[in-house]
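>>> model this:
(one chain, ligands or ions: 1)
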Amino acid sequence: MPDPSRRMLAEIAAVFRAESRACADRTADILATFPGPDAAACGADADADADVIRALLAASPLAVAHATLAAFDALPWGRNPVASRISAEDNGLYRVANLMGPEGPLFCPTLRAGFYYQRPDTRYGLHSHAAVETYVIIAGRAHWTAGDTQREMAPGHAVHHSTYLPHACQTGPEGVVALWRWSGDIGIESYRMHHGLDAFGAAAARQAGPLPVSRPAGLRPSVPPAVPR
Ligand SMILES: [Fe+2]
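Alright, predicted model coming up:
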């Protein structure tokens, strides 16, 4: 495996281990076995966004962002596991680079993980799914909704969604790059968009408690490298 991919996967694993959840540790363990994305098959779906994503990663204070930047050309942008469940308009708001899951590139039937990029000044509306989910912001910023709680999210902030907790993401002029992972029931059949801030969102939030936002200990700042071209 090329050193940039190895370093990136090690940094991602450290981020997930910082969650201190068994499912996050398992995700990190499996990522450690990944021989790395196949650069020859990757990247085309994010061509239009690549320069913006690179700039966001370069400006981040986090080591995981800089490791991701160094391995950027090998990232499999475009493998969005729920693309068939959302509208063409919503598909245009964001890009996903799926690292592991039932569809690969690292096959895992029980866990999913990857990168998420949402374009500037866009809203990925309220949606929910059976899978338990964690997002960790690694670059840029976002205004996050989970149930009836809203928070400003910056690099190093993490949010954990319990099963079926409705959530949404609004970006500002920067856009946002995050790591995400799913565990539990990771089938995409339960995924649905909530059109309007319906009562289901508030009810689910009361059941799940307040939105946890934290800065995992595994995220550390580092000196950004030059942006690879
Ligand atoms: Fe989600």
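>>> alpha carbons only for contacts and neighbour counts from here, please
Noted.
>>> just checking, what packs against the longest helix seen in the chain?
Scanning the chain for the helix with the most residues, using DSSP state H, yields helix 3-17. Secondary-structure packing of helix 3-17 (3 or more CA pairs under 8 Å, 6 or more residues apart in numbering; DSSP states H and E): helix 22-31, helix 63-70.
>>> go with 10 Å
Taking 3 or more CA pairs under 10 Å, 6 or more residues apart in numbering; DSSP states H and E as contact, the helices and strands that helix 3-17 lies on are helix 22-31, helix 63-70, strand 112-118, strand 132-140, strand 176-183.
>>> in it, what's buried?
Counting neighbours by 16 or more other CA atoms under 10 Å, one finds that the buried residues in helix 3-17 are 4-17.
>>> mind checking pLDDT for the closest residue to residue 117 other than its chain neighbours?
Of all residues not flanking residue 117 in the chain, residue 177 sits nearest, at 4.5 Å (CA to CA, 6 or more residues apart in numbering). In this model, residue 177 is scored at 98, pLDDT.
>>> could you measure from residue 177 over to residue 169?
12 Å (CA to CA, to the nearest Å).
>>> what touches both of the two?
118, 141, 142 (CA atoms under 10 Å, 6 or more residues apart in numbering).
>>> what sits against the residue nearest to the second one when sequence neighbours are not counted?
Distance criterion CA to CA, 6+ apart; nearest residue to residue 141, sequence neighbours excluded, is residue 154 at 4.7 Å. Counting by CA under 10 Å, 6+ apart, residue 154 makes contact with 60, 136-143, 176-178, 215.
>>> cool, and residue 183?
The contact partners of residue 183, by CA under 10 Å, 6+ apart, come to 23-24, 26-27, 110-113, 130-134, 163.
>>> cool, and residue 7?
By CA under 10 Å, 6+ apart, residue 7 lies in contact with 1, 13, 63, 64, 66, 67, 68, 70, 71.
>>> cool, residue 32 as well?
6, 9, 10, 12, 13, 26.
>>> which one of the residues you listed sits closest to residue 56?
residue 12 (17.0 Å; CA to CA).
>>> residues touching that closest one, list them.
18, 27-28, 31-32, 63-65, 67-68, 113-114, 179, 218-219.
>>> again, 8 Å this time
With contacts defined as CA atoms under 8 Å, 6 or more residues apart in numbering, residue 12 is in contact with 28, 64, 179.
>>> quick one: which of those is nearest to residue 49?
residue 179 (16.8 Å).
>>> how many neighbours does the residue lying closest to the closest one once chain neighbours are set aside have?
Counting by CA to CA, 6+ apart, residue 179 lies nearest to residue 115, which is 4.6 Å off, once chain neighbours are set aside. Neighbours of residue 115 under the rule other CA atoms under 10 Å: 23.
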